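>>> test case, fold it:
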Amino acid sequence: MRAILVLEDGTVVRGRGFGAPGVAVGEVVFTTGMVGYTEALTDPSYLGQILVFTYPLIGNYGVPPYELTDRYGLPLHFESRGIKVEGVVVHEACLEPSHWASRRSIHEWLRDEGIPGIWGVDTRRIAQRIRERGVMMGALAVYEEGEPSVEELLKLARGTDYGSLKLAERVSVREPVKLESGRGREVVALYDCGVKASIVRALLTRGYDVALLPYGTRAERVLDLNPVGVVFSNGPGNPSLYGEAIECAKALIEYGYPMLGICLGHQVISLARGARIFKLRYGHRGANKPAVDLRTGRCYMTSQNHGYAVDRESLAETGLEPWFINADDKTIEGVIDEERGVLCVQFHPEASPGPNDTSWVFDLFSKIVEGRKKRY
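Below is the predicted model:
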C-alpha cells in the first residue's frame with residue numbers, strides 16, 4: 001500500500017501505507033516517547049488527532065491481547081479498549097515484532113481497527129514543520145492504487161477545526177460504572193472525560209472504590225454517591241467547550257470535596273475557578289517532560305499529552321496558586337488550593353508510558369481525603 005499525508009499549510013508527505021486503507025482527518029501532533037506506543041494509541045486524549053512518533057522504530061515489541069488484564073479487570077498494556085487516534089505516522093513500522101506477549105504486529109492491529117498509517121517518511125521533518133508553523137489539521141490517505149487528489153485532501157484538512165470539536169462525550173462511559181478495590185474503603189467519584197485506565201488503577205490500588213461517571217453528570221448525581229473525593233480526568237479536545245464539566249466542578253468545589261484534576265481535568269477545574277486557558281503552539285506530548293515543583297524547587301520527569309495550558313496571569317483572583325511549571329517554556333503544570341483541598345496537575349502522575357516520579361500526587365490526594373474525613 002501507498003500513503004499520503006497532506007497538512008493544512010500545503011505540505012505533502014508521501015510514503016508507504018500500513019494499517020487500514022482509507023482516509024483520516026485530524027490535528028497532526030507529535031510525541032517524543034521512545035516506548036509505550038500501545039498505551040499512546042489507546043489514550044482517549046488523542047481522539048481527533050493524527051499522531052506522529054518522533055522515535056524512529058515503532059512496533060518492535062508487537063501488540064499484546066486486550067484480554068491481558070490486572071486484578072481489577074483493567075487492560076495491562078492499553079489505556080482503553082480500542083485505538084483512539086485517527087491516524088499514525090512513523091519513520092519505520094516493524095512488521096515482524098518479537099515479544100512473548102505479542103499476538104499481532106502494529107500493522108495488523110491498525111488494520112483490524114480501521115486505522116490508517118504511513119511509514120517510510122521523515123518524521124523529524126514533520127515535527128520540525130509543526131514546531132515552526134504550530135499544530136495543523138491534516139488528512140492521511142492509505143490506498144492500494146490510484147493516488148487520491150492532493151487538492152481534495154487539502155480541502156478536507158482545512159475544512160475541520162480541532163478546537164471546535166466537543167470530543168469528550170465520545171470517549172466517556174455511557175452509564176455510571178462502579179469498580180471495587182476489594183479493600184472496603186470509600187468511593188472516589190471520577191468524572192470521565194476520556195480517562196486512562198492507569199488513573200483508575202492508581203485510585204484502586206490505594207484502596208478506594210471508583211465510581212466512573214459519564215460526561216455531563218450533574219453535581220447532584222455526584223452528591224448522591226457521598227464520595228470522599230472527586231477526580232476530573234484527562235480527555236481530548238478544547239476544555240473551554242466543556243461547560244457541563246466546568247459547572248459540575250464549580251458546584252462540587254463549593255461543597256468542599258477534596259478534588260484532583262489531571263490534564264484536561266486540571267484545565268476544567270481551573271476554568272471553574274475563573275482562570276483562562278490558551279492553546280500551545282505545538283503542545284507537550286511525550287514521556288520525558290520536566291516539571292518543576294515551585295514549593296521545593298525539585299524537577300520531576302513527567303509524562304504529558306496536552307495542547308492547552310492555563311494562563312498564569314489569570315490565576316490571581318481564583319484562589320489557585322501555581323504549583324508546577326514546565327522547565328522548558330515556563331507554562332503552568334499544576335495549581336493548588338490547600339484550604340479547599342484542590343490539587344491539579346497538567347502532567348500525568350500515573351505515567352504509562354513514562355516515569356513514575358510523580359505518582360506521589362495520588363498519595364497526597366489520598367492524604368487530603370483522609371484528613372478531611374477526620375475533620376468532619
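>>> shaky segments in this protein?
Along the chain, the model assigns pLDDT under 70 to residues 374-376.
>>> quick check: longest helix of it.
helix 360-375 (DSSP state H).
>>> what does that one rub up against?
186, 188, 202-203, 206, 208, 228-229, 231, 256, 258, 260, 341, 343, 345, 349-350 (CB atoms under 8 Å, 6 or more residues apart in numbering). Every C-beta, even on glycine, is put in place using the N, C-alpha and C of the backbone.
>>> give the buried residues for stretch 9-22.
9, 11, 13, 15, 17-20 (16 or more other CB atoms under 10 Å).
>>> identify all contacting residues around it.
1-7, 88, 93, 95, 106-107, 109-111, 113-122, 126, 129, 133, 136, 141-144, 150, 154.
>>> how about a cut-off of 6 Å?
Under the criterion CB atoms under 6 Å, 6 or more residues apart in numbering, residues 1-6, 93, 107, 110-111, 114-121, 129, 133, 136, 142-143, 150 lie in contact with stretch 9-22.
>>> likewise for stretch 232-246?
45, 47-48, 163, 165-168, 191-195, 216, 261-265, 267-269, 271-272.
>>> what subset of the residues you listed is buried?
If we count by 16+ other CB under 10 Å, the contacts of stretch 232-246 have these buried: 45, 47-48, 165, 167-168, 191-195, 261-265, 267-269, 271-272.
>>> how about the helices of the stretch 201-350 of the chain, start to end?
Along the stretch 201-350 of the chain, the stretches classed as helices by DSSP state H, counting those that start in this stretch are 219-224, 243-254, 264-272.
>>> tell me which of those is the most buried.
helix 264-272 (a mean of 28; mean count of other CB atoms under 10 Å).
>>> who does that one touch, helix- and strand-wise?
strand 229-232, helix 243-254, strand 342-345 (3 or more CB pairs under 6 Å, 6 or more residues apart in numbering; DSSP states H and E).
>>> partner strands of the last one, with direction?
It stands for strand 342-345. Applying DSSP bridges to the sheet, strand 342-345 is found paired with strand 259-262 (parallel), strand 332-337 (antiparallel).
>>> in helices only, show me the contacts of stretch 9-22.
107, 110-111, 129, 133, 150.
>>> can I get those in a markdown table with distance to T69 and neighbour count?
Output for the ones in helices among the contacts of stretch 9-22, formatted as a markdown table (distance: CB to CB, whole Å; neighbours: other CB atoms under 10 Å):
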| residue | distance to T69 | neighbour count |
| --- | --- | --- |
| H107 | 24 | 22 |
| L110 | 22 | 25 |
| R111 | 24 | 19 |
| R129 | 40 | 19 |
| R133 | 41 | 14 |
| V150 | 44 | 15 |
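>>> just these now: which is nearest E321?
Set against E321, the nearest of these by CB to CB is R133 (34.5 Å).
>>> any idea how far that closest one lies from T31?
18 Å (CB to CB, to the nearest Å).
>>> now swap in E151 and tell me
30 Å.
>>> got the domain ranges for the protein?
2-164, 168-375 (automatic domain parsing).
>>> ok, how many other residues are close to A3?
26 (other CB atoms under 10 Å).
>>> can you put the helices of the stretch 201-350 of the chain in TSV and add distance to V25?
Putting the helices of the stretch 201-350 of the chain into TSV (distance: least, CB to CB, whole Å) gives the following:
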stretch	distance to V25
helix 219-224	35
helix 243-254	25
helix 264-272	22
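>>> circling back: for E151 and T31, indicate the residue with more neighbours.
The neighbour count for E151 versus T31, taken as other CB under 10 Å, is higher for T31 (25 against 9).
>>> who touches the more buried one in this structure?
So T31 contacts 285-286 (CB under 6 Å, 6+ apart).
>>> now swap in C344 and tell me
So C344 contacts 261, 266, 269, 334-335 (CB under 6 Å, 6+ apart).
>>> and the furthest pair within the residues you listed?
I269 and G334 (11.1 Å).
>>> roughly how far apart are the residue most central in space within the chain and H266?
In the chain, the residue lying closest to the centroid (CA atoms, centre = their mean) is S45, at 3.3 Å. Remark: distance between S45 and H266 (CB to CB) = 12 Å.
>>> got the contact list for the closest residue to G274 other than its chain neighbours?
Using CB to CB, 6 or more residues apart in numbering and skipping residues adjacent in sequence, the residue nearest G274 is T318, 4.9 Å away. T318 sits next to 273-275 when contact means CB under 6 Å, 6+ apart.
>>> mind doing that once more with 8 Å?
Per CB under 8 Å, 6+ apart, neighbours of T318: 270, 273-275.
>>> distance from the chain centre to stretch 160-176, please.
Between the centre of stretch 160-176 and the centre of its chain there are 12 Å (CA atoms, centre = their mean, to the nearest Å).
>>> then stretch 352-361?
Distance, centroid of stretch 352-361 to centroid of chain: 14 Å (CA atoms, centre = their mean).
>>> need the distance between the two termini of it.
Terminal residues of stretch 352-361 lie 15 Å apart, using CA to CA, to the nearest Å.
>>> again, but for stretch 63-74
For stretch 63-74, the end-to-end distance is 16 Å (CA to CA).
>>> for stretch 139-153, same thing?
Note: stretch 139-153 ends 6 Å apart using CA to CA.
>>> what of stretch 15-34?
Taking CA to CA as the criterion, the two ends of stretch 15-34 lie 22 Å apart.
>>> and if you look at stretch 320-336?
5 Å.
>>> for stretch 160-178, same thing?
With CA to CA as the measure, what separates the two termini of stretch 160-178 is 36 Å.
>>> what's the local residue count around N60?
17.
>>> ah, wrong one, I meant G59
If we define neighbours as other CB under 10 Å, then G59 has 27 of them.
>>> what's the spacing between it and K367?
For G59 relative to K367 (CB to CB), the value is 41 Å.
>>> check P148 too.
55 Å.
>>> who has more neighbours, those two?
Neighbours were counted for P148 and for K367 using other CB under 10 Å; P148 has more, 17 against 13.
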